[in-house]
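A.B. asks: got a predicted structure plus its sequence, pasted below:
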Amino acid sequence: ARTLVLEGVSKRFPTGTVALTDVSLGLGPGDFVTVVGPSGCGKSTLLRLASGLERATAGSIDVRAASTSYVFQDATLLEWRSAARNVELVGELRGESKAERRKRAQEALDLVGLTGFESQHPRQLSGGMRMRVSLARALVAEPELALFDEPFGALDEITRLDMQTELQKLFRLKRFAGLFITHSVSEAVYLSTKVLVMSGRPGRIVAEIPVPWDYPRA
Ligand code: ADP
Ligand code: ADP
């Protein structure tokens, strides 16, 4: 079963820029694929295509996930809501009862190590903790597909390593299909089951490197 399949995908923007060309990839449950490459090679565009935010100009994109979550670099939290209420948003949109969504938000915050911070507002939290809330909000949706656009890019080095460990732990527990964009090769190798290297203008996949499960991590 494949959760996300791209075949021969290209994207040309109305400006005339061709952001990426002939990209094919497939991932299923338990696959965590990272895409590395220099700035401007089309990584964000690839993720936006996979998420349906942009339409491809050639090729096909098949998403077979009942639910998809996104995590962006800026944690995009609602500043006027507490950490718990940010995570509860997903349940609200799904029409869950108050009791149900509270319970699920609490579980998700516990998983990312934020027990005790439920009632704090985003501005009261550090960058790392905001990213934890963002991960909790993504996971509470029980996604079959999780898309990450350089989520740890703005964090300091120590917090970044911390969050990588955290995400590995969550991935092993939840086994969603993950597509993760980064320009850090070490981050890619640490996190993923497979690394795709993109390069060029327009960007294309120039190498595909499987990472063995027993690769020493941390
Ligand atoms: P990366 O994430 O690897 O830095 P992007 O996907 O953001 O690369 O961009 C790839 C190329 O597409 C760049 O040349 C960029 O300027 C261009 N591009 C991205 N978004 C748009 C857009 N909405 N309109 C026109 N050109 C765009
Ligand atoms: P930053 O992102 O600003 O570098 P950190 O996320 O590393 O900051 O955390 C800043 C402070 O918050 C530290 O004192 C850290 O111990 C504390 N902190 C971070 N996460 C937690 C947590 N899950 N539980 C308790 N304290 C935390």
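C.D. replies: Everything's here; your move. Numbering: from 1, shown residues only. Ligands and ions are numbered 1, 2, ... in the order given.
A.B. asks: assign A66 to helix, strand or coil.
C.D. replies: Following DSSP: H, G, I helix; E, B strand; the rest coil, A66 is assigned to coil.
A.B. asks: these two touch, right, it and A141?
C.D. replies: No. The criterion here is CB atoms under 8 Å, and A66 misses it with A141 at 10.0 Å. Any C-beta I mention is one placed from the backbone N, CA and C, and that applies to glycine too.
A.B. asks: with neighbour numbers in mind, choose between these two.
C.D. replies: A141 (22 against 10; other CB atoms under 10 Å).
A.B. asks: so the more buried one sits right up against E92, yeah?
C.D. replies: No. In terms of CB under 8 Å, A141 does not count as a neighbour of E92; the distance is 11.8 Å.
A.B. asks: list the buried residues of the host helix or strand of R85.
C.D. replies: Using DSSP states H and E, the element containing R85 is helix 83-93. Residues of helix 83-93 classed as buried by neighbour count (16 or more other CB atoms under 10 Å): 83-91.
A.B. asks: could you do stretch 66-76 as well?
C.D. replies: 68-73, 75.
A.B. asks: now render these as JSON lines, adding secondary structure.
C.D. replies: Shown next, in JSON lines, are the buried residues of stretch 66-76 (three-state DSSP):
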{"residue": "T68", "secondary structure": "strand"}
{"residue": "S69", "secondary structure": "strand"}
{"residue": "Y70", "secondary structure": "strand"}
{"residue": "V71", "secondary structure": "strand"}
{"residue": "F72", "secondary structure": "strand"}
{"residue": "Q73", "secondary structure": "coil"}
{"residue": "A75", "secondary structure": "coil"}
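A.B. asks: strands of this protein, residue ranges please.
C.D. replies: Ranges of strands within the chain are 4-12, 18-27, 32-36, 58-63, 68-72, 145-149, 177-182, 194-199, 204-210, based on DSSP state E.
A.B. asks: so the nearest residue to G37 once chain neighbours are set aside bridges to which residues?
C.D. replies: Computed as CB to CB, 6 or more residues apart in numbering, the closest residue to G37 that is not its neighbour in sequence is M198, at 3.5 Å. Under the criterion DSSP bridges, M198 forms beta bridges with I205.
A.B. asks: and the chain, which residues reach ligand 1?
C.D. replies: Applying CB under 6 Å from any ligand atom, we find that the chain lies next to ligand 1 at 13, 15, 17, 19, 37, 39-45.
A.B. asks: of those - the most surrounded one?
C.D. replies: Taking other CB under 10 Å as the neighbour criterion, G42 ranks highest of these with 27 neighbours.
A.B. asks: how about that residue, what does it touch?
C.D. replies: 11, 19-20, 23, 198, 202-203 (CB atoms under 8 Å, 6 or more residues apart in numbering).
A.B. asks: redo that, cut-off 10 Å
C.D. replies: 10-11, 17-21, 23, 35, 48-49, 198-205 (CB atoms under 10 Å, 6 or more residues apart in numbering).
A.B. asks: so how far is V23 from it?
C.D. replies: Counting by CB to CB, to the nearest Å, the separation of G42 from V23 is 8 Å.
A.B. asks: now for those two: what residues contact both?
C.D. replies: By CB under 10 Å, 6+ apart, the residues touching both G42 and V23 are 10-11, 35, 49, 198, 202-205.
A.B. asks: same list, those, but as TSV with neighbour count please.
C.D. replies: TSV is the format used below for those (neighbours: other CB atoms under 10 Å):
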residue	neighbour count
S10	18
K11	23
V35	28
L49	23
M198	21
P202	19
G203	24
R204	18
I205	22
